[in-house]
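In: make a model of this:
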Amino acid sequence: QLQLVESGGGLVQPGGSLRLSCAASGFTLDYYAIGWFRQAPGKEREGVSCISSSGGTTNYADSVKGRFTISRDNAKNTVYLQMNSLKPEDTAIYYCAARGPFKLCVLGVSRYDNWGQGTQVTVSS
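Out: As a prediction, the model looks like this:
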């Protein structure tokens, strides 16, 4: 059974950094595009970043460009989201999701099939 597990969330001060991990089990990530999404209280889930199966293509929401970096290590079956210069408005539950196999990296929530359970990120002083 395809399963994704996020980790690395927590409480951080504004300007701080966190690295989220998305580990897959039950399947290999090699052929899947992976997206990171977030949902703040009272708001719709939104796309943050995605990476193609090869890692050659990445996309970012305008709100995180220059601050967040997505990467993948297919040997470890894991995708990462490095988040720097965090702001209070980045506070949300962060989810990873898989799309594929052999599908493009896109930021649309409805385009993804398999989701993790989420990890909480709170940015506050």
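
In: so Arg72 makes contact with Cys96?
Out: No - applying CB atoms under 8 Å as the test, Arg72 and Cys96 come out as separate, 10.7 Å apart. C-beta coordinates here come from the backbone N, C-alpha and C atoms, glycine included.

In: mind listing the shared neighbours of the two?
Out: Ile34, Val79 (CB atoms under 8 Å, 6 or more residues apart in numbering).

In: ok, the two, which is more surrounded?
Out: Remark: of Arg72 and Cys96, Cys96 carries more neighbours, 31 against 22, as counted by other CB atoms under 10 Å.

In: excluding its backbone neighbours, what's nearest that one?
Out: For Cys96, ignoring the flanking residues on the chain, the nearest one in space by CB to CB, 6 or more residues apart in numbering is Cys22 at 3.4 Å.

In: and the gap between the one you found and Glu6?
Out: 5 Å (CB to CB, to the nearest Å).

In: and for these two, which residues touch both?
Out: Common contacts of Cys22 and Glu6 (CB under 8 Å, 6+ apart): Cys96, Gly116.

In: in terms of packing, which of these two has more residues around it?
Out: Using other CB under 10 Å, the more surrounded residue of Cys22 and Glu6 is Cys22, with 27 against 22.

In: tell me the bridge partners for the more buried one.
Out: For Cys22, the beta-bridge partners are Glu6, Val79 (DSSP bridges).

In: ok, now which ones touch it?
Out: Contacts of Cys22 (CB under 8 Å, 6+ apart): Leu4, Val5, Glu6, Ile34, Trp36, Thr78, Val79, Tyr80, Leu81, Cys96, Gly116.

In: Throw those into TSV and include distance to Lys103 and pLDDT, thanks.
Out: Output for these, formatted as TSV (distance: CB to CB, whole Å; pLDDT from 0 to 100):
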residue	distance to Lys103	pLDDT
Leu4	16	96
Val5	21	97
Glu6	20	98
Ile34	11	97
Trp36	16	98
Thr78	19	96
Val79	15	97
Tyr80	20	98
Leu81	19	98
Cys96	15	98
Gly116	18	97
